[in-house]
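# next one to model:
(one chain, ligands or ions: 1)
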Amino acid sequence: MCDQFVNGSTEAGHPAEKIFLKDKKINYCTGCGTCIDRGKKCSQKDDMAEVLDKMVDADVIVMATPVYFYTMCGQMKTLIDRTCSRYTEITNKDFYFIVTAADDSKPAMERTLEEFRGFINCLDGANEKGIVYGTGAWNMGDIKGKPAMKNAYEMGKQV
Ligand SMILES: Cc1cc2nc3c(=O)[nH]c(=O)nc-3n(C[C@H](O)[C@H](O)[C@H](O)COP(=O)(O)O)c2cc1C
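Predicted structure coming up:
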């Protein structure tokens, strides 16, 4: 679904990059206060600095997560927490959300979406622009051929 979004966006003349959190080393925020209380850069040396640079530079950010126990996955929450040192610079962005779940019910995805909204409500000038629901996807590949794939492509095109 993320690849479909990227294809749509790129075809519409808006190149996009997919960052797969599984491939990144991003430690938990420890709440040490280095950034918030002392105004210094995050002391952790991992891949988050590079991801944050991209989030600050992007015009549009797509947050995508599988639904795990009716919440977002741990990797995504860890990423959000680690924006702590620079979230005030993630301003005036358009946001899209992509969620996948085994469940067929869109309302059952609402808590996960609210978690994303909790994050973007902390950002100045953030706009929620669209949601792609990848429901009924339990195993890898289940989503192929479902309308959600086309929806992701079309939403990418609208960027
Ligand atoms: C730890 C775990 C928890 C899950 N919890 C839920 C859940 O609460 N509700 C649901 O509908 N699907 C649940 N699933 C199914 C995943 O949402 C589904 O496998 C996923 O959306 C597939 O997307 P992916 O191929 O991008 O990982 C869970 C899967 C795992 C591994």
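# so who does the residue of the chain most remote from its centre touch?
With distances taken from the mean C-alpha point of the chain and given as Cα atoms, centre = their mean, the most distant residue is Arg38, at 27.7 Å. For Arg38, the set of contacting residues under the criterion of Cβ atoms under 8 Å, 6 or more residues apart in numbering is empty. C-beta here means a position set from N, CA and C on the backbone, and glycine is covered the same way.
# look at it and report its pLDDT.
The per-residue pLDDT reported for Arg38 equals 89.
# give me phi/psi at the residue nearest to the spatial centre of the chain?
Within the chain, the residue whose C-alpha comes closest to the C-alpha centroid is Met63; the distance, by Cα atoms, centre = their mean, is 1.6 Å. Dihedral angles of Met63 (phi, psi; degrees, to the nearest 10) stand at phi -100, psi 120.
# hang on, the earlier thing: now the residue farthest from the centre of the chain: how far from the ligand?
Look at Arg38 and the ligand: by Cβ to the nearest ligand atom, to the nearest Å, they are 36 Å apart.
# check Ala49 too.
For Ala49 relative to the ligand (Cβ to the nearest ligand atom), the value is 26 Å.
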